[in-house]
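In: sequence-free structure coming up:
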């Protein structure tokens, strides 16, 4: 990867984080409810740092859907607990498992 490729990648990350922060100003981050997670029926797997995978996930800030680069931190059979970054804030939420795809990198 050359210097211009690294610069482009850094600019892409900066742009994505700015888009997340912008969406966060227009609506609050939505997460699955306790009822939807049904944790009494579905055990939670918590991943240690070494097993946390990079994913692409759809999240909602108010009515706005945003695709984000995230880390999967925990999961149930049906849902994923993810963490992702805005400009100056870390966001965490639960999303449905089918809203998440494993990243190639």
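Out: Yep, it's here. What you are looking at is a predicted structure, and each value in this text was computed from that prediction instead of being measured.
In: quick one, longest helix in the protein?
Out: Using DSSP state H, we find that the single longest helix of the chain is helix 3-26.
In: buried set for that one?
Out: For helix 3-26, a neighbour-count test (16 or more other C-beta atoms under 10 Å) marks 16, 17, 20, 21, 23, 24 as buried. The way it works is simple: take the backbone N, C-alpha and C, and place the C-beta from them, glycine included.
In: Show the subsequent helix or strand relative to that helix.
Out: helix 34-37 (DSSP states H and E).
In: Could you list every helix and strand that that following helix packs against?
Out: Identification of packing neighbours for helix 34-37 by 3 or more C-beta pairs under 8 Å, 6 or more residues apart in numbering; DSSP states H and E yields no helix or strand.
In: Name the residues of that helix that are buried.
Out: Within helix 34-37, the residues scored as buried using 16+ other C-beta under 10 Å are residue 37.
In: In this structure, which strand is the longest?
Out: The single longest strand within the chain, with elements called by DSSP state E, is strand 64-75.
In: Downstream of it, the next helix or strand is which one?
Out: Per DSSP H and E, the first helix or strand lying C-terminal to strand 64-75 is strand 79-85.
In: Contacts for that next one, please.
Out: Contact with strand 79-85 is made by 17, 20, 32, 36-37, 42, 44, 55, 57, 59, 68-75, 90-97, 99-100, as judged by C-beta atoms under 8 Å, 6 or more residues apart in numbering.
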